[in-house]
Structure formats: structure tokens, C-alpha cells
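>>> This is the structure alone, sequence omitted:
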């Protein structure tokens, strides 16, 4: 019997209340930024995850750009980031004129290899931007120790890391996004919790909080004005319009109310992939996500790392023949058309390896058991043939 | 008899189909950027106004930032813009490192005094940014002649100028936003046509079209990839995430379908203010919007210019006592806390005059005749007393 063999890579999940809350926002007559639902989202994140201050943005890209402006990144400053990441991690700092210094991934994990970072630090290093790939934590104790030693700011690119945790050496379980000086989240439709397009800046170092509001409000002190803290407002800093419409905050809030349900379902799908595919790792045919002891699993993504690019191409084709869309991910940024001539020439073999060999499997709330069986069986069958 | 004496400055108008289209967008499962409704909006604008290429953005601010990136604005470049404008006109170029050269307003109109611009042009002048204040056209023939003479780019800040026109010396009626090399529109909830937050970049010079898509897609050639023009996509330029969620495009599309109805209602309100208040100009007590022969009226705003700041304060207070919210507008950017020390010292008296003396009256689709009568009568009564 054929199961529904048109399985997308991602399907946005709707809790059912999104349009209801949007209707409320629209009826309120206040649908520009920082309306009722934006405030509800801010409060939810601050209360649920203990973030010092949260500000919704139009995208994670924009949250990273806010971080770069807040850190006064300028020409001559160096920023260390992984080569295996989304372009926005890099662009946010390119737009401020920074020199990018790309770090390699770890051998066992697409995250930056923290042990390589010390050799990349110079007196010009102003920020390190760890990306918690697939929602799996970087080793933040090691990273923050290094950053503190050299007085460097840390901006967590937590685009994929909502509801993911890091357990520090004291045994404290900290939400990702709460550890660096600043952090950026994404609510793009491919994320666990989403609003089509959307993002959030988290300010953990309180010294950035007041200026963050100003930068987000086009460089004006309008937020303080509306709180009655000042008599009139005006242009006091550089800035942009980083506020999303309250329509999108209303959508997001419906998702947040169902965070636990969404996460439970995603974790079940993740675990099922992991159990079913682990025998293939014993045979040495693939490797699967490695979750260090310090990291939790937020089930953002399930991926398989093939041995070679040819195997990956074969696996993607085999899945496509069954109507299943599995997709590769980043291409090493240090080798991109934009950056190759600017790169310092170091080879970053692990980043290149994940660029060539990692493939992401369909992962969404409504993925049925039958559909997941078909995906798993197709992978198993492919590896019988190679 | 008291009419409803709680009259806001602005009330977003809903056509009734916004949430219906949002529901369609959500049900389609594609609510990130560049979905079905984004394409419908692009087509509407291109067909209705003859713009060469339109790209929805998350805000007019972001459209201006795209323009600054497209023009390769960098440190050392000079950009001429009015001092009497919203901070975003300026910030977009500050973020690229430009030197801002502020022009004064005209004596009879808050728009830039085009006759002063020649003296502000230097070999470093890269762009001029005319703002069509209140949707009333700048003299674009004079401006484009000057720009062509000195090989300078023109970016129209058409934030307030949807459905507004300029009649050139050949007698051709051109939509504002179609004349400069690039133009930016706003769909903030205070605008005639809106989506809470939102904007659009218009590309009139075709040489910018391909790169505009790339910059809007985080510096990747993803748009060309999805059109099948290239085999794979990657990082090819600097960029950001300028795409709004299709949820907001769905909202905007409902508004666009009702453009004529919205505009007819707004023009009727505008004309009524104008007829009722003109006698006060004959008495020399106020001045009213001046619409040059070359400009149309898109009824974005109705404003009164008082003789002194004290009169304006008195008028705003008199209106507030009746429950009517009338508001002043920009403060000269060359005198702002952020820019005063960077300004070249020229006085810009007309900009300062509008900063001190201009007041905007309530102007929205659902403003009733009785409410408008109360506003007019309150203004007339105030001017009997001063």
C-alpha cells in the first residue's frame, strides 16, 4: 500500500488560533509595531526563558543587525563566526564593515570547533558569534571563558534554538539565547515556532537595553517617551525600523501558547528517526546528530551525514523518487562567490564536509507515522544498495 | 448636542477582506516572504502605476536602506535630503556611512526648496532624496535636470505619496515614485494604504533590478534560482532580509483592491477641510497646504500652518479640550541631538518654521461629517480668540 507520497521538507503548523488573534489585533486598530500582542510575546519569552529583555524584530537577520549596531562594529573590527551557517550571520556584520574570520565546524558536530577559536583571536576581535546548529548547544562555558579572557562580546545566533538548553559546569540548565551578551532568534516559517517571517533580539547584558530600544525605533527615544520618561522624542542615534507589525506578533503568540504541544510532537518524530537510523551508524554508513552531555534537544531538525557527496546525492534522489523532499543545507561561506577572495586562505575541512554530506529529513508537526516509515524505509533501502 | 468627542489623529481603515485574505495565505502553507499575495501586490503596483519593478519590504525604512546599498553609498559620499523629514530618510544613508547634507524646505511648502540644491552639490554628491511631503510632489523636472547635469542618483522618498502624481513639462502625468532612479513607499498604519508595518522599493532604472532582488534575499541569488535561471544559489553580495511575511502582503492586497474607494473618501474629507478653513487664510491667520500646478493631491494629510509656535500650542490645546487629537510633525533633523554637532552650520529657517508651526488634523476614512464639523468649528473658535 502506498502512503501519501508527497512529503514536503517542511509544513508550517497552525495551532488554530493564529487568525483569531490576528482578528483581535486588527479589531484593536493598533497593528503597527509594539502593540498588545508584541507586548504579550515579550512577556512570554522573558517569563518562560528568563531572558533579561526581549524585542521582536522583522527577522532574525534584523536582530543580528541590531546586535552589530549595538556593539558598534565598524571597519577594522574582526568578528569570528562559523563558515557553516546561514548568510545572515555574516551579512549583519558585513553591513557594518567588519572583517569576517570564519571558524571551522567540529568533527562530530556542525557547530564551531571552540578549541580552534583561540588561534583566531587578535587584538581586533570584537565579537564571536556561535551558531547553535539544529538547536544543539555550542559549549558555552568554554566559549564564554575565552570571550571573557579577551574581553570579546558574544552574540548567540539562536535562530534554530528556541526551547533548547545548555547545562553549564555548575549543573545549571540555561536556555540558549540567555548566555551571550546578546542573542538572536528566528520565527521564519521553517522554525519550531513561527510567524512566516520574524525574529527577536534578546539582550542579556543590561547595559545594551536602553540603546536597543532606540536603535529599533529608527534611532529615536520614542519608547522612553511613551513610557513618560522624557518630555519629547527625537533623533538621538543611528537606527532602523526593526519592529514587526502586531499582526505577526498575534500569529506568533498563538504558536507560543502551544509551545509544549509542538515541542512534544517534534521530539517524538526526532526520537523515532534516531532510533530507526542508529543501526546504519553501527554499520558505519552514516552519522547522526551528536548531542553533547551539556546540550538538550529541541527537535528543530533531523539530519543525516553521509560519507560522501555522491552518497548524499544518491540518497536525496532515492527519497525524491518516493516523493520525499530531503534537502542539503549551508555551503561554506568562506568559499562563496562573495567571500572567497576575501578569505584568509585557511582550509575549513569540516565545514566543507557538512556542506557536501549533510542532508535534512522532513520534520514537521503533521508528519504522520506512515510518512515517517516511508522515509526511514527509503533510507534503509538506499543503504542496502551502496 | 455633543458629537463623539474622542477623535483620534488616525484610525486604520479596514476594507473587511484583510483577515479573509490572511486566512487564505495561512491556509496555503506559504507565509514567509514572496508568497502568492506578495506577487499579487507587485503585479498590482506595476500594472496600476507603471513602475518598472516593485519589491515589498518590511518597511519604507528598509526600502530606503536597500536603495542606499544599491547605490553603493559609502563613507565620503554626500547625500542631499530635507531636514524636515522622518528620521528614516536620513538613517538609511547614515547606516552606509554617508555624509548628510540637509536642504531647507520651500517657503510655501515643506518640500525641499529645489532652487537651493545647486549650491549644495559637490563632486562627492552621490544621491538626492526628495521627500514628497503630504503626498504633494516636489518639482521633479527641476530636480531631475539638476541630477542629470551632475550625474547624481535620485531616490524618491514617496512614503506618503501613493496614488499621487506629477505633471511634467511635456504635460505627462507621472505617478510619484516612478520618476527617480529608485523610490520607497510606506504601508505603515498611518498611510492611505497600509499593512500595519510595511514598505516597497520601486526600481525605475532597470540596471538596479537584478541586484535589488539579491540584496533583498540576504545577498543570495535565490530569486534567480527559483526562476530556474541558475543551477544553485549562494552568497554573492551583501544584503539583508527585506521580505515581509505573505500574511502582511495578504492584508495589503485587500487594501489595494479598495484603493479608489479609500482615495475618494479621503479626498472628500480633505476638500471639506480646505473649503472650510480657507477664509482663515484670507484673514492671514493660518496658511494651508499649497498644491503646485504640477502636483496632484492624494489626500494623505491635512495640515494647518500657524503663524507662531505659541499659536500652534494654543490650537492643539483647544482641540484637545474637545477630545480631538491634532499633532505636530517632524523636528528639523539638522538640529537633532544626534546630528547637530555634525551639521555644517547653515541655518534652515523654513524647516525650523514647519517644525514649530505645522499641525496635522485628524484624517481617516471613517471620520464622520459631524466629527469634522467639530474640528473645523474648534479651529474657527480658537482663531476668533487670538
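Cool, the structure landed. The structure presented is a predicted model; accordingly, all values stated were derived computationally and were not measured.

>>> Contact partners for the residue lying farthest from the centre of chain A?
The centre of chain A is farthest from one residue, residue A:231, which by CA atoms, centre = their mean lies 38.9 Å away. Taking CB atoms under 8 Å, 6 or more residues apart in numbering or on different chains, we find residue A:231 in contact with residue A:225. C-beta here means a position set from N, CA and C on the backbone, and glycine is covered the same way.

>>> does it sit in a helix, a strand or a coil?
coil (DSSP: H, G, I helix; E, B strand; the rest coil).

>>> Please apply the same query to residue A:48.
helix.

>>> mind checking how far it is from chain B?
Using CB to the nearest CB, to the nearest Å, residue A:48 is found at 23 Å from chain B.

>>> what about that residue, neighbour count?
By the criterion of other CB atoms under 10 Å in any protein chain shown, residue A:48 has 12 neighbours.

>>> Residue A:259: neighbour count?
By other CB under 10 Å, 16 other residues sit near residue A:259.

>>> Per-residue pLDDT of it, please?
pLDDT recorded at residue A:259 is 98.

>>> hang on, it packs against residue A:163?
Yes: between residue A:259 and residue A:163 there is a contact at 6.5 Å, judged by CB atoms under 8 Å.

>>> near chain B, which residues of the stretch 101-250 of chain A?
Residues of the stretch 101-250 of chain A lying near chain B by CB under 8 Å from any CB of the partner chain: A:188-190, A:195-198, A:218-220, A:234-241, A:243-248.

>>> Confirm residue A:102 sits in a strand?
Yes: counting by three-state DSSP, residue A:102 is found in a strand.

>>> List the residues that contact the residue nearest to it when sequence neighbours are not counted.
Nearest residue to residue A:102 in three dimensions, chain neighbours excluded: residue A:83, at 3.9 Å (CB to CB, 6 or more residues apart in numbering or on different chains). Counting by CB under 8 Å, 6+ apart, residue A:83 touches A:102, A:103, A:104, A:105, A:332, A:333, A:334, A:335, A:348, A:351.

>>> Where do the domain boundaries of chain A fall?
If you go by automatic domain parsing, the domain ranges for chain A are A:18-257, A:259-385.

>>> Show me the one of these that comes nearest residue B:293.
Of all these, domain A:18-257 sits nearest to residue B:293, with 34.0 Å by CB to CB.

>>> one step back: show me just the buried residues among the residues of the stretch 101-250 of chain A next to chain B.
Buried members of those, counted by 16 or more other CB atoms under 10 Å in any protein chain shown: A:188-190, A:195-198, A:218-220, A:234-241, A:243-248.

>>> Could you find the closest non-adjacent residue to the residue in the stretch 201-350 of chain A positioned nearest to chain B?
Nearest residue of the stretch 201-350 of chain A to chain B (CB to the nearest CB) works out as residue A:245 at 3.1 Å. Leaving aside its sequence neighbours, residue A:245 sits nearest to residue B:196 (CB to CB, 6+ apart; 3.1 Å).

>>> so that neighbour touches residue A:28, yeah?
No: judged on CB under 8 Å, residue B:196 makes no contact with residue A:28 at a distance of 11.0 Å.

>>> So the residue nearest to residue A:102 versus residue A:65, what's the distance?
Counting by CB to CB, to the nearest Å, the separation of residue A:83 from residue A:65 is 20 Å.

>>> Equivalent analysis for residue A:356, please.
Distance, residue A:356 to residue A:65, by CB to CB: 30 Å.

>>> Settle it for me: which of the two has more neighbours?
Ranked by neighbour count (other CB under 10 Å), residue A:356 and residue A:65 place residue A:65 first, with 29 against 18.

>>> where do the helices sit along chain A?
With DSSP state H as the criterion, chain A has helices at A:18-28, A:36-49, A:60-70, A:87-94, A:140-150, A:209-216, A:222-226, A:246-257, A:259-282, A:309-321, A:349-357, A:369-385.

>>> Report the mean per-residue pLDDT for the last one.
Think helix A:369-385. On average, the pLDDT along helix A:369-385 is 97.

>>> wait, residue A:71 sits on residue A:155?
Yes: counting by CB under 8 Å, residue A:71 sits close enough to residue A:155 to count as a contact (7.4 Å).

>>> Tell me how far the residue nearest the centre of chain A lies from residue A:349.
Within chain A, the residue whose C-alpha comes closest to the C-alpha centroid is residue A:159; the distance, by CA atoms, centre = their mean, is 1.8 Å. Distance, residue A:159 to residue A:349, by CB to CB: 24 Å.

>>> what's the overlap in contacts for residue A:259 and residue A:163?
Residues touching both residue A:259 and residue A:163 by CB under 8 Å, 6+ apart: residue A:193.

>>> For the one residue in the stretch 51-200 of chain A that gets nearest to chain B, which residues are in contact?
Nearest to chain B, among the residues of the stretch 51-200 of chain A, is residue A:196, at 3.1 Å (CB to the nearest CB). Contacts for residue A:196 (CB under 8 Å, 6+ apart) come out as A:12, A:187, A:188, A:189, A:248, A:251, B:31, B:32, B:33, B:245, B:246, B:247.

>>> Pull up the overlap in contacts between residue B:196 and residue A:28.
In contact with both residue B:196 and residue A:28: residue A:246, using CB under 8 Å, 6+ apart.

>>> Let me see the ranges of the strands in the stretch 51-200 of chain A.
For the stretch 51-200 of chain A, strands defined by DSSP state E, counting those that start in this stretch occupy the ranges A:53-57, A:78-82, A:99-103, A:105-106, A:109-112, A:125-128, A:153-157, A:165-167, A:173-175, A:182-186, A:199-203.

>>> of the ones you listed, which approaches residue A:366 most closely?
Each of the strands of the stretch 51-200 of chain A has some distance to residue A:366 by CB to CB; the shortest is strand A:182-186, at 20.6 Å.

>>> Okay, now the sheet partners of that closest one, with direction.
Partner strands and pairing direction for strand A:182-186 (DSSP bridges) are strand A:153-157 (parallel), strand A:199-203 (antiparallel).

>>> what about the closest residue to residue A:267 other than its chain neighbours, how many neighbours?
Closest residue to residue A:267 apart from its sequence neighbours, by CB to CB, 6+ apart: residue A:299 at 4.4 Å. Look at residue A:299: counted by other CB under 10 Å, it has 23 neighbours.

>>> Am I right that residue A:299 is in contact with residue A:273?
No: contact criterion CB under 8 Å: residue A:299 and residue A:273 do not qualify, at 9.7 Å.

>>> re the thing from before, would you mind measuring from the residue of the stretch 51-200 of chain A closest to chain B to residue B:32?
From residue A:196 to residue B:32 the distance is 5 Å (CB to CB).

>>> Check residue A:146 too.
35 Å.

>>> And these two? Which one has more around it.
Just comparing residue A:146 and residue B:32: by other CB under 10 Å the higher neighbour count belongs to residue B:32, 22 against 18.

>>> contact partners of the lowest-mean-pLDDT helix or strand in chain A?
Within chain A, no helix or strand scores below helix A:222-226, which has a mean of 87 by mean pLDDT, DSSP states H and E. Contacts to helix A:222-226, defined as CB under 8 Å, 6+ apart, come from residues A:34, A:210, A:213, A:214, A:216, A:217, A:230, A:231, A:232, A:233.

>>> Among the residues you listed, which pair sits farthest apart?
A:216 and A:231 (21.1 Å).

>>> Residue A:18 reaches residue B:26, doesn't it?
Yes: if you go by CB under 8 Å, residue A:18 and residue B:26 touch, sitting 6.2 Å apart.

>>> more neighbours, those two?
A side-by-side neighbour count of residue A:18 and residue B:26, using other CB under 10 Å, places residue A:18 first with 24 against 20.

>>> got the contact list for the more buried one?
Residue A:18 neighbours (CB under 8 Å, 6+ apart): A:250, A:251, A:254, A:255, B:26.

>>> Mind pulling up the pLDDT for it?
The model's pLDDT for residue A:18 equals 94.

>>> Cool, thanks, signing off.
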